[in-house]
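Colleague: Sequence and predicted model, in that order:
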Amino acid sequence: MRRRKRVICWLLCLLAAASVLIGCDGRGADTELDISDWQSWRIGTPLAWSSDYYLSEQVRIPHLYLYDSIGDCIMALRFGYVDAIAVDALYAYSMVAEYSDLVIQDEPIGEDSLVAYITNARRDILEQMNAYIPKLKASETYADMVERANAEEFVPNTDIPQAEDGEVLRVAINTGGSGYPYTYYDFVTEEPQGVDIEFIKHFAAEYGYTIEWFDSSWDACSLAIANGEVDVFVYAISSYYAGEVEAMGTCLHSDSYFDLDLVLVTQEET
């Protein structure tokens, strides 16, 4: 989330669907594509994911099609309506692991980074977090987390120490969406797991916090952080739209605690 919905999402989806039916620039599914010219491709991406923000606001490619879900993107790719799907690398790994006809292009098209939301009243937590993040990124712990995140299956670290009697850190998470491998519910450990979860556990251990989870929907978590009902909200929050949220005065956001590539997923050539 996984990612926030835009107010005009329904209109954009209708426009994208209309463009697809028209056929866009008339390029057929069998046309040979040159990765060095990817900005001219017809690219589909899930609405309001970081790949949407990057391609529509940073790169501004001419043929971008927004879909409600990753499933819709895959169907559009298979039926030849788009040439590729743009997503973050970690989600791409899980896609190709599930669908044998999909491949990831070797050349990334951009970069993204994850940040945490902090309620306005807890600037002290923001300062602690921003002081801790460079230390984490320089550690073997971070290198190990990156290696596990970039595998086809994320194997969680279940040995992170947790304080039991420290100051309570109220952390909002959404384990009900398609947040793997960032934030998800692990039915083996019966606990929330993922890149976001491991980051906040390491941070809490560094400062002796005892974590109190607030597990709800994206909207409920967003409302809770804005109202100060929780201290921190983590859920694959992209730096591309976190700045907008902070500018509106809704909450604060941390420095980047995890960096990743944005990639293109295509169908395997037959």
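Modeller: Structure received.

Colleague: mind listing the helices for the stretch 151-270 of the chain?
Modeller: 195-207, 218-227, 239-247 (DSSP state H, counting those that start in this stretch).

Colleague: Quick one: closest of those to residue 69.
Modeller: helix 218-227 (14.5 Å; CB to CB). C-beta: built from backbone N, CA, C; applies to glycine.

Colleague: and the angle from the closest one to helix 239-247?
Modeller: 40 degrees (axes from the mean of the first three to the mean of the last three CA atoms, to 10 degrees).

Colleague: Residue 253 - nearest residue in space that isn't next to it in sequence?
Modeller: residue 242 (4.1 Å; CB to CB, 6 or more residues apart in numbering).

Colleague: and the one you found, what is it in contact with?
Modeller: Contacts for residue 242 (CB atoms under 8 Å, 6 or more residues apart in numbering) come out as 115, 117, 253.

Colleague: now, which of the residues you listed sits nearest residue 60?
Modeller: Taking CB to CB as the measure, residue 60 lies nearest residue 115 of the contacts of residue 242, at 23.1 Å.

Colleague: what helix or strand does the closest one sit in?
Modeller: Assigned by DSSP states H and E, residue 115 belongs to strand 110-118.

Colleague: what's the spacing between that strand and its chain's center?
Modeller: Relative to its chain's centre, strand 110-118 lies at 8 Å (CA atoms, centre = their mean, to the nearest Å).

Colleague: avg pLDDT for it?
Modeller: Confidence over strand 110-118 (mean pLDDT, whole number) is 96.

Colleague: got the buried residues for that strand?
Modeller: By neighbour count on 16 or more other CB atoms under 10 Å, the buried set for strand 110-118 is 110, 112-118.

Colleague: all strands of the stretch 1-150 of the chain, in order?
Modeller: 43-46, 64-67, 84-88, 102-104, 110-118 (DSSP state E, counting those that start in this stretch).

Colleague: quick one, what contacts residue 221?
Modeller: Counting by CB under 8 Å, 6+ apart, the residues that residue 221 touches are 172-174, 214, 230, 233, 235.

Colleague: hmm, 10 Å instead?
Modeller: 1, 117, 171-174, 214-215, 229-230, 233-235 (CB atoms under 10 Å, 6 or more residues apart in numbering).

Colleague: Can you flag the buried ones in the residues you listed?
Modeller: Buried members of the contacts of residue 221, scored by 16+ other CB under 10 Å, are 1, 117, 171-174, 214, 230, 233-235.

Colleague: Counting neighbours, what do you get for residue 268?
Modeller: 10 (other CB atoms under 10 Å).

Colleague: er, residue 217 I mean
Modeller: Taking other CB under 10 Å as the neighbour definition, residue 217 ends up with a count of 11.

Colleague: Relative to residue 180, how far out is it?
Modeller: Using CB to CB, to the nearest Å, residue 217 is found at 17 Å from residue 180.

Colleague: cool, residue 224 as well?
Modeller: Residue 224 is 22 Å from residue 180, by CB to CB.

Colleague: likewise residue 187?
Modeller: Between residue 187 and residue 180 the distance is 12 Å, computed by CB to CB.

Colleague: which residues are common contacts for these two?
Modeller: residue 193.

Colleague: If you count surrounding residues, which of those two has more?
Modeller: Using other CB under 10 Å as the criterion, residue 187 and residue 180 rank with residue 180 on top: 20 against 8.

Colleague: Please give me every residue in contact with the residue lying closest to that one once chain neighbours are set aside.
Modeller: Nearest residue to residue 180 in three dimensions, chain neighbours excluded: residue 94, at 6.1 Å (CB to CB, 6+ apart). Remark: with contacts taken as CB under 10 Å, 6+ apart, residue 94 is in contact with 70, 87, 151-154, 178, 180-181.

Colleague: out of those residues, which are buried?
Modeller: Buried, going by 16+ other CB under 10 Å: 70, 87, 154, 178, 180-181, out of the contacts of residue 94.

Colleague: Just give the number of residues close to residue 124.
Modeller: 10.

Colleague: same question, the one 10 residues further on
Modeller: When neighbours are counted by other CB under 10 Å, residue 134 registers 11.

Colleague: Please apply the same query to the one 4 residues further on.
Modeller: Using other CB under 10 Å, residue 138 is surrounded by 10 other residues.
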